[in-house]
Each structure stands twice: as C-alpha cells, then as structure tokens.
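*Asks:* Quick one, what's the 3D model for this:
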Amino acid sequence: MNGILYEEDYIGLFLLVTVIMGGGAAFLAGRAIAATWRPWWHVAFYMLILGLAVRFIHFALFEGTLLSPQFYAVDTIVCLIFGFLGFRATRVGQMTTQYSWINHRAGFMRWRRRGDAAAEKPVHPA
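*Replies:* As a prediction, this is how the structure comes out:
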C-alpha cells in the first residue's frame, strides 16, 4: 500500500501529518463553520485549501512531493472526512440545544423531530 496512499517510507509520517494534524485541523474547522451557521458546502471549499496546506507540510518538513494530484487527493479526502464529521457533530448539538422543543438527539450524528412517532417505531413487515 506504500506509494498508493502515502509516499513516505514510514506510515507514521502519514498518520502524523495527514490524519492527526490535518484531520484535527479539519475537524476544528468543520466545527467552526457549523458554529457560525454556514452551509455544509463551505466545509468542502475550505478542505480543498487545507489539503494544500497538508501537502505543503509533507513537502517542507519531510521532502515529499509538492505537486502530486494523487497525494493531494488523499490528503484532501482525509480532511473532508474529518471536516464533515466536525460539522455534523456540531450541527446536531446546535439543533438539539437551540431547538430542544422541536428536536431531540437520535445518536451521535443525527437528530429527530419530537412527536415523530412514525420515525421512532420500527416498521416490521408481517
């Protein structure tokens, strides 16, 4: 798998720079975007920029390839995943806290309308 997802000889550099640093920054950026009530597509736009920053860190600190569409795509996809997770987790908290008379939490990444009996009862075919 070396060479497909990451270019370093050591997977620890990929995990450190892309997953921990880039993913952590993406998660926090997703939370910030949701906290200001901006739409989800802002996350996608900012993660494209953050993917460039992660690629630059690989280049500047670990002598990675700067202009590589393949590795940029991997870095950006990791940032997108973490960014959308942060966005969704914050949005669920907002919808269940500020609109608690309408919504209640239905899991980590979901909310449900109160009094929505059809959505709460599982339907089993007879």
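*Asks:* Could you list the low-pLDDT ranges of the chain?
*Replies:* 1-9, 116-126 (pLDDT under 70).
*Asks:* just checking, what packs against the top helix by length along it?
*Replies:* For the chain, the helix that runs over the most residues, judged by DSSP state H, is helix 69-98. The contact analysis (3 or more C-beta pairs under 8 Å, 6 or more residues apart in numbering; DSSP states H and E) places helix 69-98 against helix 23-35, helix 41-62, strand 103-105, strand 111-113. All C-beta atoms are positioned from the backbone trio N, CA, C, and that covers glycine.
*Asks:* Please identify the deepest-packed of the ones you listed.
*Replies:* Greatest average neighbour count among the helices and strands packed on helix 69-98 goes to helix 23-35 (a mean of 20), per mean count of other C-beta atoms under 10 Å.
*Asks:* Convert that one to PDB, retaining C-alpha atoms only.
*Replies:* Output of helix 23-35 as PDB, limited to C-alpha atoms (Å, rounded to 0.1, in the frame of the first residue of the first chain):
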ATOM      1  CA  GLY A  23      -7.600  15.700  10.300                       C
ATOM      2  CA  GLY A  24      -7.500  17.600  13.600                       C
ATOM      3  CA  ALA A  25      -7.400  20.900  11.900                       C
ATOM      4  CA  ALA A  26     -10.200  19.800   9.600                       C
ATOM      5  CA  PHE A  27     -12.400  18.700  12.500                       C
ATOM      6  CA  LEU A  28     -11.900  22.000  14.200                       C
ATOM      7  CA  ALA A  29     -12.600  23.900  11.000                       C
ATOM      8  CA  GLY A  30     -15.800  21.900  10.500                       C
ATOM      9  CA  ARG A  31     -16.900  22.800  14.000                       C
ATOM     10  CA  ALA A  32     -16.200  26.500  13.400                       C
ATOM     11  CA  ILE A  33     -18.100  26.500  10.200                       C
ATOM     12  CA  ALA A  34     -21.100  24.900  11.800                       C
ATOM     13  CA  ALA A  35     -20.900  27.200  14.800                       C
END
